[in-house]
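*Asks:* below are the sequence and a predicted model; questions follow.
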Amino acid sequence: MELVVDFPGGAKVDAHVGGFTIKTDQPPYGGGEGSAPTPFAVFLASIGACAGIYVLGFCKQRGLPTEGIRIIQNMQSNPLSSMVEAITLEIQVPESFPAKYHEALVRSADQCAVKKHLEHPPKFNVFTTVK
């Protein structure tokens, strides 16, 4: 899979993948306009969204309604390094959601491909070329 990144102006950076454009920007205090999430916010959002895909798939396979289900994601950062040290995903379900599926929802969210890649990160190769 190839993803192309370009620079449309200011502090904006766009990523193009599969016919889609993911727009990012920096907040005003970081030299941007705040017109889009930061790249790091998009990265963090991909974790919760990925878990959501697995929860959605679990429910669809069993004919369970998804209305009222949501995932709340929280991050805890190290105050010295500002690095995220822990991520919590809370799957909120309505009272009507069958209790017998609560743990299975957790197991389905735990299958998230983004999470698995963070647990076993890829190697990075960064270089320049002249075009």
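*Replies:* Nice, I can see it. Numbering: from 1, shown residues only.
*Asks:* residues near residue 51, how many?
*Replies:* 25 (other Cβ atoms under 10 Å). The way it works is simple: take the backbone N, C-alpha and C, and place the C-beta from them, glycine included.
*Asks:* helices and strands around the strand or helix carrying it, which ones?
*Replies:* Using DSSP states H and E, the element containing residue 51 is helix 39-62. Helix 39-62 sits against strand 20-24, strand 70-77, strand 84-92, helix 102-109, helix 113-119, with contacts defined as 3 or more Cβ pairs under 8 Å, 6 or more residues apart in numbering; DSSP states H and E.
*Asks:* any chance of these in CSV with mean neighbour count and distance to residue 53 as columns?
*Replies:* What follows is the helices and strands packed on helix 39-62, written out as CSV (neighbours: other Cβ atoms under 10 Å; distance: least, Cβ to Cβ, whole Å):
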stretch, mean neighbour count, distance to residue 53
strand 20-24, 13, 16
strand 70-77, 12, 11
strand 84-92, 12, 13
helix 102-109, 14, 9
helix 113-119, 13, 9
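*Asks:* can you put these in a markdown table and add distance to residue 2 and mean pLDDT?
*Replies:* Output for those, formatted as a markdown table (distance: least, Cβ to Cβ, whole Å; pLDDT from 0 to 100):
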| stretch | distance to residue 2 | mean pLDDT |
| --- | --- | --- |
| strand 20-24 | 13 | 98 |
| strand 70-77 | 28 | 98 |
| strand 84-92 | 27 | 97 |
| helix 102-109 | 29 | 98 |
| helix 113-119 | 17 | 95 |
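*Asks:* which of the ones you listed sits closest to residue 128?
*Replies:* Comparing those by their distance to residue 128 (Cβ to Cβ), the top pick is strand 20-24, with 21.6 Å.
*Asks:* can you name every helix or strand that the closest one contacts?
*Replies:* In this structure, strand 20-24 packs against strand 12-17, helix 39-62, with contacts taken as 3+ Cβ pairs under 8 Å, 6+ apart.
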